[in-house]
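A.B. asks: Predicted model and sequence follow; I will ask about them next.
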Amino acid sequence: MATYQATASAPVNIACIKYWGKRNTKLILPTNSSLSVTLDQDHLRSTTSSRADASFEKDRLWLNGKEEEIERDGRLWVCIDALRKWRQEMEQADSGLDKISAYHVHFASHNNFPTAAGLASSASGLAALVASLSHLYSLPQTPSQLSLVARQGSGSACRSLFGGYVAWRMGEKEDGSDSLAEEVASREHWPEMHALICVVSDAKKGTSSTSGMQRTVQTSPLLQHRIKEVVPGRMDDISKAIREKDFESFAKITMRDSNSFHAVCLDTEPPIFYLNDVSRSVIAVVEELNRAAGKPIAAYTFDAGPNAVIYTLEENMPKVLNLINRFFPQEASFANPFKMDWQSAQVPEGFNTKVVPEGGWEKGAVKSLIHTRVGDGPRKLDDGESLLNEDGMPKTLN
Ligand SMILES: Nc1ncnc2c1ncn2[C@@H]1O[C@H](COP(=O)(O)OP(=O)(O)OP(=O)(O)O)[C@@H](O)[C@H]1O
Ligand SMILES: C[C@@](O)(CCOP(=O)(O)OP(=O)(O)O)CC(=O)O
C-alpha cells in the first residue's frame, strides 16, 4: 500500500517593519503591512513531517515530541482545513487522484531553537506545517497563495513562506484574499546581510503577541498614528533601500521602526514592557558603534521580548561580535559558525565605552549568541528525514 507523507523545513523571519495589531482577529488581518528578513535555516528552522493514512482516527500533532491539541476551529485546524479543501477540489476535478483528503493526518514537528521564547517559533512552525502538508497533497498553489493559509495560523508565519526580503501586504478586502506575503528581493540579491541574535531570555514571555497587540489596538492612540502616518512611508523607503542595497537607510528605518513598535506597547493600557535593561544596553552599544563609525553600520530590532537581533553586513560583523562579546560575556561559548576573527576586529576609534556599565555586564546577561544571515524559503526534505516512524507516530529524537 502506498505511503502518503512529506517533510519540509521552514525558516524564522525577523521583521524590520513590525506587524502589531489586527483589524480582524479571526482571519488574522493586520492593521498595517510589514516587512522582514528571512533567516538561514542552516541555523534556525522548524521541521515538520505529515502523513495521511486511512487508519488514523483523528488529526494529531506532536511538537518537540509532546502532543499539542488541534482544537476545532483553532488556528492549526483552520490551516489544515484550508489545505485539505484545496486537495479535495483537485480530487474532484481528477478522478485518477488518490482520495487522501478523506484521511486524517499525523504531524510531527521539531524546532531546533527555544519554542515560544520570542524567537518567532510560531512563524517558522506554522510555515513548516503548511509547506509540509502542501507537499503531501501535491498542491499547485504558489507561495503567496500558501501564505494566505499560514497567515491564519500566525500572522508573521505568512512571511516565512519566502526566502530573502519579504513584505506582508495588509490588503483591503474583508475576506482577506489580498492579505498575503510576497518577495521584495531574493536572498541572492543581497546575500551579505547577516544577523546576530542576542538571547537575553529564553523563558516564555509574559504578554503574548496575540493578546498584547489587541490591547494596543483597543487602547493606544499612538497606534493610529503609526499605522496611518508612519508605516506606509517606511514600507516604501525600506523596500527601496533593499533594492538599492543601501544599508544606511535600511538600518535607520529598522531601528526607528523597532522603537516605534515598543513605543506603542508603552502607550498601551496597561503598558506592555518587552525590553529590559540588557536590551536597552544593546541599543546603547549599537547606537554608539554607529556614531563612532560616522554612519549606521549595524541595526538593532526587538520583537515581543527582550532578545535583540542585530542586522549588519558580513564585513562589519566582526566589529559587532567584538563589542557584544566584550560587554555581554555569555555562559555558553559562542559557536562562531562563520569562523570570524572577531577578537582582533578594529572597533571604530572614539567608541565611548561609558555607554555600558563599568566592566561590562555580568556573565550571562546575554545567555547566548546565534550568528546567522539572510536565508532561503521552505525546503522539501527527503523521506529519510521524516520525523514520523512507519506507524505514523513521532520518532524519538536524540
Ligand atoms: N514547529 C511548530 N509547529 C506547530 N506549531 C508551532 C511550532 N512551533 C511553535 N508553534 C506554536 O507557536 C506557539 C509559540 O508562539 P508564540 O507566538 O507564543 O512564541 P514565538 O513565536 O516564539 O514568539 P514571537 O512570535 O512573539 O516571536 C507554540 O506554543 C505552538 O503552539
Ligand atoms: C512583534 C512581532 O514579532 C509580532 C508577531 O506576532 P505573531 O505573528 O506572533 O502574532 P499572531 O498573528 O497573533 O500569531 C512583529 C512581527 O513579526 O512583525
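C.D. replies: Yep, it's here. Residues are numbered from 1 along each chain as shown. Ligands and ions are numbered 1, 2, ... in the order given.

A.B. asks: and the stretch 201-350 of the chain, which residues reach ligand 2?
C.D. replies: Applying C-beta under 6 Å from any ligand atom, we find that the stretch 201-350 of the chain lies next to ligand 2 at S209, T210, D303, A304. From N, CA and C alone the C-beta is placed, and that goes for glycine too.

A.B. asks: Write out the residues of the stretch 1-150 of the chain neighbouring ligand 2.
C.D. replies: So the stretch 1-150 of the chain meets ligand 2 at A15, K18, Y19, W20, I28, S34, S122 (C-beta under 6 Å from any ligand atom).

A.B. asks: What residues does the nearest residue in space to the third one that is not next to it in sequence make contact with?
C.D. replies: Counting by C-beta to C-beta, 6 or more residues apart in numbering, Y19 lies nearest to S34, which is 3.9 Å off, once chain neighbours are set aside. S34 is in contact with A15, I17, K18, Y19, S156, R159, A167, W168, V231, counting by C-beta atoms under 8 Å, 6 or more residues apart in numbering.

A.B. asks: Would you map the strands across the stretch 251-398 of the chain?
C.D. replies: Secondary structure of the stretch 251-398 of the chain (DSSP state E, counting those that start in this stretch): strands at 298-302, 308-313, 368-373, 379-381.

A.B. asks: Save the ones you listed as JSON lines, and put in distance to ligand 1 and mean pLDDT too.
C.D. replies: Shown next, in JSON lines, are the strands of the stretch 251-398 of the chain (distance: least, C-beta to the nearest ligand atom, whole Å; pLDDT from 0 to 100):
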{"stretch": "strand 298-302", "distance to ligand 1": "10", "mean pLDDT": "98"}
{"stretch": "strand 308-313", "distance to ligand 1": "10", "mean pLDDT": "98"}
{"stretch": "strand 368-373", "distance to ligand 1": "14", "mean pLDDT": "95"}
{"stretch": "strand 379-381", "distance to ligand 1": "14", "mean pLDDT": "98"}
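
A.B. asks: So for D267, which of these sits nearest?
C.D. replies: strand 298-302 (16.1 Å; C-beta to C-beta).

A.B. asks: Report all helices and strands that that closest one contacts.
C.D. replies: For strand 298-302, the packing partners by 3 or more C-beta pairs under 8 Å, 6 or more residues apart in numbering; DSSP states H and E come out as strand 13-17, helix 247-266, helix 277-293, strand 308-313.

A.B. asks: The longest one near ligand 1 anywhere?
C.D. replies: Going back to what we said before, that points to helix 247-266. No - Helix 247-266 stays clear of ligand 1 (C-beta under 6 Å from any ligand atom), getting no nearer than 11.7 Å.

A.B. asks: Thanks a lot, see you next time.
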